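**Q** Fold the following.
(chains A and B)
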Number of protein chains: 2
Amino acid sequence: MNMSGARGARERMVVIGGDAAGMSAASQARRLRDPEELEIVAFERGHFTSFSACGIPYWVGGDVTDRDQLIARTPQEHRARAIDLRLRTEVTEIDVPGSRVRARDVDSGAESWTSYDKLVIATGARPIRPPLPGVDAPGVHGVQTLDDGQALLDTLAATKGRRAVVVGAGYIGVEMAEALINRGYEVTVVNSGQEPMSTLDPDMGRLVHRAMTDLGITMVNDAEVTRLPTGEDGRVRAVATEDTEYPADVVVLGIGVRPETALAKAAGLPLGDHDGLLTDLAMRVRGHENIWAGGDCVEVLDLVSGRERYIALGTHANKHGQVIGTNAGGGYATFPGVVGTAVSKVCDLEIARTGLREKDARRAGLQYVTATIESTSRAGYYPGAAPMTVKMLAERRTGRLLGTQIVGREGAAKRVDIAAVALTAGMTVDGMTSLDLGYAPPFSPVWDPVLVVARKAVNELRSSEF
Amino acid sequence: MNMSGARGARERMVVIGGDAAGMSAASQARRLRDPEELEIVAFERGHFTSFSACGIPYWVGGDVTDRDQLIARTPQEHRARAIDLRLRTEVTEIDVPGSRVRARDVDSGAESWTSYDKLVIATGARPIRPPLPGVDAPGVHGVQTLDDGQALLDTLAATKGRRAVVVGAGYIGVEMAEALINRGYEVTVVNSGQEPMSTLDPDMGRLVHRAMTDLGITMVNDAEVTRLPTGEDGRVRAVATEDTEYPADVVVLGIGVRPETALAKAAGLPLGDHDGLLTDLAMRVRGHENIWAGGDCVEVLDLVSGRERYIALGTHANKHGQVIGTNAGGGYATFPGVVGTAVSKVCDLEIARTGLREKDARRAGLQYVTATIESTSRAGYYPGAAPMTVKMLAERRTGRLLGTQIVGREGAAKRVDIAAVALTAGMTVDGMTSLDLGYAPPFSPVWDPVLVVARKAVNELRSSEF
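**A** Down below sits the predicted model:
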């Protein structure tokens, strides 16, 4: 291990943001460096550290009963490891030439400067809140933080009506639809896209649409929300589009998030096309030897298209933190990039994707074939064998796998990992047809659905080469 | 496509064995060649074609209610596709210089020669039946064929006692233990190995042992069966080892299978160390341009160790058949080899392995480190999160993944596919730590168990390089 960094002189690492990326970085750096060598100060403007934002829909839905279960590591645990964690303390400025940050005590308003030898920016994401009339009315909720989740639960407890409208049909939207169904609400999902789950191709999104309709969820596509009408009491009473109104006793905004990079931008740090910080493979902010950034505030390299993407996902944030902590602690690690894997569920419907959609491939200038098949999660004769649809994209001529999408029931979602590894390895779909995947009747048909779709993709490739 | 092979002149392809490999080969060749070009004759000594031997334990256990569900394609369906299928017809000799086979009608005993242009040997496997006193007594059953399964079911129906002994604790043994538990039997598994599932390392096998004991199964290890004592009625009444006797109303032999290659051996075709036929990557029998072999009668290349192995598994047999049919039909396809993936379950216990065990690695001259971790199938706070233990082997110095074993509950077994693809791609465990695997609380902790064990393996590698 190359133990670079000053020896003897005590250095200070400052971390901005106390969630997954920031606290993983702090913990990993602490593992490599004693407090005598490295002081670690972490600023977090909220009340919590290291919580699972991805778990909030399941807490709201009642699958997770206790908020504290979503907290991976408490402030006390961090402090016990000699991390100087300052909650309710917001960093308001990064002074890059001066190697210092200005922080404000949220409660008292007091400000002070803290100098750093090493800086970790992990400011996360902020939910998209469209500037619609009524968006700040009581009864309208985001679900980004534990405080948001608690506020929504309080509203649900206090609300007599049972009509919920979810705005947005991405991961957060569909997961919140499930949560509200589980709470006994009549749920309408209003979605600006052609189909729900725009991270899938529309033909696969349509399967999600049908399944959600079958679950009793009212799905509205191609609908632009224009305002959130309020009642006489000032509370939200509906979600309005140009054409109509959908009555609502509670509204959940699940439109997605944007990188929280105002501080970084003001400091002159490099941002990409998606407003996320740009880093090198060691998660160093480009052009800055002693500043790292990770988690929901950075853009990541898409290994399939070779372009930067923005993906807010806890699993990446944790990996970033690990890499940053290792490097800031004097070790060496890299985050090579992503292939864009994501899984989700709505009740018993499982949804998964990795790699490029058709429009991503076109945008990247790639020519491709697609193959779509229907199969089952287990041998057809085995009880519980559930249908799944698998779509695969492969590059013309090279046959390289470009992407995979799966919509099905039990056993569908995690099968996407097969394609995720194959994408990382740059496999061709022809090479995938002979993959030695686990087979036994309770777990797979004798041809795993991923093998079946790979075979079909090979045939499509052949007929595309005229 | 290179359409080699005679055009115009009608050729004859003879297939020996009407199960997965043979009939897949026949079907695929038929897809590529019309009956006017290629006559296909298939000989099968049994009553059935294309059945799922892997499904027999679930039929015996009652999960599959109808034998016919295990038949992927009936004789009628094959014949409708212009495959001249001759059931109850056993090939008794292959005359390689004369390019012909001698076949005997099992019922009439009549024999005749059939010449071939192309020959496919898919004679399958035969169960190991140790030459023990009492092994042929009523009440002692193998579970290799549908006829075997029916005979066992008939015995179970006719037997009053509820004590079953399974000899052998490999896949068939543990699956039959589950089947008999499901039928309400008191089950004892007598196993000659140190732990059940000798396809796992003993430390992982021990977890299977404990879990099976917890299921109420009596597990006997390190026990060599010496005889099967019979009662006055001639029926089996116990399984005896040197030390003791285990009373049995029914005995199931689940000791495994050997390649059925007597015909091939008599014909002078090349066999390997495991008595399986040796083929090239196009599944051609080595040194024979017009003879192919596949399924349970061949040895396969282990891509991790670079050696030939014997693995009887339906998923390989189907792939072999596909490759053989493509090549025999004038196309081009290969079966590059296996990484040794296998999954199984006993009630809710899931067992999976891929790649090399410790002893395989030693035998191949590889130095390695191991890492073992415990994690859960879902986020720890999500309902149904079930524990799993994952073990990983990585080569010293190169860090190349060598093998992975998993024992756990729901969601454990198919995770081995991640490692199977990584093995195929020759990934290092360090490379695996940044794999972009599907994450959402219902499907995985934020660090998938496979990522956790890969990280630990990386640490083990570092400390091994002194």
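
**Q** drop to CA atoms for contacts and neighbour counts, all remaining ones
**A** OK.

**Q** Per-residue pLDDT of residue A:1, please?
**A** In this model, residue A:1 is scored at 38, pLDDT.

**Q** ok, now the one 4 residues further on?
**A** According to the predicted model, the pLDDT of residue A:5 comes to 45.

**Q** give me every residue that touches the residue in the stretch 151-300 of chain A that chain B sits nearest to.
**A** Distance from chain B to each residue of the stretch 151-300 of chain A (Cα to the nearest Cα) is smallest for residue A:171, at 9.8 Å. Counting by Cα atoms under 8 Å, 6 or more residues apart in numbering or on different chains, residue A:171 makes contact with A:197, A:344.

**Q** List the contacts of whichever residue of the stretch 51-200 of chain A sits closest to chain B.
**A** Distance from chain B to each residue of the stretch 51-200 of chain A (Cα to the nearest Cα) is smallest for residue A:69, at 5.8 Å. Counting by Cα under 8 Å, 6+ apart, residue A:69 makes contact with residue B:381.

**Q** Where does the prediction get shaky in chain A?
**A** Across chain A, the ranges flagged by pLDDT under 70 are A:1-8, A:466.

**Q** What segments of it are helices?
**A** Ranges of helices in chain A, per DSSP state H, are A:20-32, A:56-61, A:75-80, A:146-158, A:171-182, A:202-214, A:262-266, A:314-328, A:358-363, A:416-424, A:429-432, A:449-464.

**Q** Mind giving me the packing neighbours of the second one?
**A** Helices and strands touching helix A:56-61, by 3 or more Cα pairs under 8 Å, 6 or more residues apart in numbering or on different chains; DSSP states H and E, are helix A:146-158, helix A:171-182.

**Q** hey, where'd the strands end up in the stretch 301-450 of chain A?
**A** Assigned by DSSP state E, counting those that start in this stretch, the strands in the stretch 301-450 of chain A fall at A:308-309, A:342-346, A:349-355, A:368-376, A:387-395, A:401-408.

**Q** Adding distance to residue B:452 and mean neighbour count as columns, could you present the ones you listed in CSV?
**A** Converted to CSV, the strands of the stretch 301-450 of chain A look like this (distance: least, Cα to Cα, whole Å; neighbours: other Cα atoms under 10 Å in any protein chain shown):
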stretch, distance to residue B:452, mean neighbour count
strand A:308-309, 25, 20
strand A:342-346, 19, 24
strand A:349-355, 21, 26
strand A:368-376, 29, 20
strand A:387-395, 28, 24
strand A:401-408, 25, 29
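
**Q** so which of these gets nearest chain B?
**A** Nearest of the strands of the stretch 301-450 of chain A (Cα to the nearest Cα): strand A:342-346, 5.1 Å.

**Q** residues making contact with the closest one?
**A** A:171, A:174-175, A:177-178, A:212, A:350-354, A:413-414, B:437-440, B:442-443.

**Q** Report the contact partners of residue A:82.
**A** Residue A:82 makes contacts with A:30, A:35, A:40, as judged by Cα under 8 Å, 6+ apart.

**Q** Closest to residue B:130 out of these?
**A** Lowest distance from residue B:130 to the contacts of residue A:82 (Cα to Cα) belongs to residue A:30, with 59.7 Å.

**Q** Could you measure from the closest one over to chain B?
**A** 16 Å (Cα to the nearest Cα, to the nearest Å).

**Q** just checking, that residue touches residue A:329?
**A** Yes. In this structure, residue A:30 is within contact of residue A:329 by Cα atoms under 8 Å, at 7.4 Å.

**Q** more crowded one of these two?
**A** Legend: neighbour count by other Cα atoms under 10 Å in any protein chain shown for residue A:30 and residue A:329, higher for residue A:329 (25 against 22).

**Q** Quick check: phi and psi on the more buried one?
**A** Main-chain torsions, residue A:329, degrees, to the nearest 10: phi -80, psi 0.

**Q** Can you name the residues that contact it?
**A** Residues near residue A:329 by Cα under 8 Å, 6+ apart: A:3, A:28-30, A:32-33.

**Q** how does it look with 7 Å?
**A** By Cα atoms under 7 Å, 6 or more residues apart in numbering or on different chains, the contact list for residue A:329 reads A:29, A:32-33.

**Q** count of neighbours near residue A:277?
**A** Counted with other Cα under 10 Å, residue A:277 comes out at 30.
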